[in-house]
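S.K.: no sequence on this one, just coordinates:
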Ligand SMILES: O=C(O)[C@H]1O[C@H](OP(=O)(O)OP(=O)(O)OC[C@H]2O[C@@H](n3ccc(=O)[nH]c3=O)[C@H](O)[C@@H]2O)[C@H](O)[C@@H](O)[C@H]1O
């Protein structure tokens, strides 16, 4: 009876010599046999994977078609109705990020004065999508239709421009948030860079080309120490990936202006707050925690200096956005060809009076009639900048921009909205 291979090899090698020639031959034969079997198995597995992948992509494209939330006669009718202009000299505006904080307010303001507005939003879950759905219902009550889709979807954007000859695009769809960029960096590239380029590609090919106003950010000033921040100050020291993608957006839009004659206005928003705001922002999370009796973390800068922001109330930002749309020059190109130089502008939209974060908390305490449990920690290296302060002379001169709401007044309006929307017990476990 032949010995099993294992019996020929001792567990401790080198203890006894084996017949190498004999075993080598057997080995070669066995290896060859097992290699060809493995080869057949590999072929089989490759075929199996390929058929699975093609089946999967068939399912995907099929379900994309079946579940596509856009297209069809009824959908086009909704888009056209929403885009209808109801005042002499009015505009038809595609508002991206319309279910977002600033998008909702700008859409309402435009619709109220008789402009046509069509919204676009992907309703992602960066923060509670139910708040975005509630904003959508609010807009629907005012006759504004929001298309559910992503700015990276070129087919959808092209379709929208086929249905409506938009005169303007208010581009507010973005991945916001300074600190979240460390958790999910690719979402910033996806929305703020790839999405922007997709939108610009469609706009440049549209005939007529729309004028574009879009949201940049005060964060582009990064580590700039010259105050107040002016548009001509350096913006090459971003402190976060969020800031870097907004800065990249400014360069990208400049290129499209230069090559294709798109009229472009970039707005550097300074920490916008107010009713229907973003639940990830400090004033919002602080309000919730104070009401729930939970501690809040207040970051403090180097040498125990308080952080400060040029908090800007939403109504002032809306005035700046609408003023930018009203003063935007026409794009000069058509069908992807430049016919002459077009307007390119960048404006700060701030409040011009920075307030420290502890003062923000004190104002909230006053309006909520509750004390915060403050936990003060040194600012972690998470992309934050120590302070922001806008110089708004340019916007004042060119847009007639003049902020009128101070932080006391603005937060009072926010707290009133918050309590009406969520109630005092938001998120609290009631026994
Ligand atoms: O102007 C902008 O371009 C940006 O504004 C906003 O960013 P920020 O100014 O960082 O606002 P926000 O997060 O409310 O923090 C406010 C302050 O509270 C401090 N902060 C924050 C959280 C916390 O737990 N504790 C704390 O002290 C924090 O250190 C900071 O000092 C937008 O989110 C951003 O999308 C972008 O638009």
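M.R.: Cool, got the structure. This one's a predicted model, so the numbers in the text were calculated from it and none came from an experiment. Residues are numbered from 1 along each chain as shown.
S.K.: the helices in the stretch 151-300 of the chain, which residues?
M.R.: 154-163, 185-188, 196-205, 241-260, 282-292 (DSSP state H, counting those that start in this stretch).
S.K.: mind listing what's buried in the last one?
M.R.: Along helix 282-292, the positions that meet the burial threshold by neighbour count (16 or more other Cβ atoms under 10 Å) are 282-284, 286-291. Bear in mind the C-beta positions are built from the backbone N, C-alpha and C, glycine included.
S.K.: looking at the helices of the stretch 151-300 of the chain, which is nearest to the ligand?
M.R.: Among the helices of the stretch 151-300 of the chain, the nearest to the ligand by Cβ to the nearest ligand atom is helix 282-292 (3.4 Å).
S.K.: any idea which element the residue in the stretch 1-150 of the chain positioned nearest to the ligand lies in?
M.R.: With Cβ to the nearest ligand atom, the shortest gap between the stretch 1-150 of the chain and the ligand falls at residue 102, namely 9.3 Å. Element membership for residue 102 (DSSP states H and E) is helix 101-112.
S.K.: reformat the helices of the stretch 151-300 of the chain as TSV; add distance to residue 363.
M.R.: Below are the helices of the stretch 151-300 of the chain laid out as TSV (distance: least, Cβ to Cβ, whole Å):
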stretch	distance to residue 363
helix 154-163	41
helix 185-188	31
helix 196-205	35
helix 241-260	26
helix 282-292	9
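S.K.: could you dump these into JSON lines with mean pLDDT and distance to the ligand added?
M.R.: Below are those laid out as JSON lines (pLDDT from 0 to 100; distance: least, Cβ to the nearest ligand atom, whole Å):
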{"stretch": "helix 154-163", "mean pLDDT": "98", "distance to the ligand": "24"}
{"stretch": "helix 185-188", "mean pLDDT": "98", "distance to the ligand": "11"}
{"stretch": "helix 196-205", "mean pLDDT": "98", "distance to the ligand": "15"}
{"stretch": "helix 241-260", "mean pLDDT": "98", "distance to the ligand": "7"}
{"stretch": "helix 282-292", "mean pLDDT": "98", "distance to the ligand": "3"}
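S.K.: ok, which of those helices comes nearest residue 392?
M.R.: When the helices of the stretch 151-300 of the chain are ranked by proximity to residue 392, the top entry is helix 241-260, at 17.8 Å, counting by Cβ to Cβ.
S.K.: buried set for the closest one?
M.R.: 241-250, 252-253, 256-257, 260.
S.K.: how big is the angle separating it from helix 196-205?
M.R.: For helix 241-260 against helix 196-205, the angle by axes from the mean of the first three to the mean of the last three Cα atoms, to 10 degrees is 20 degrees.
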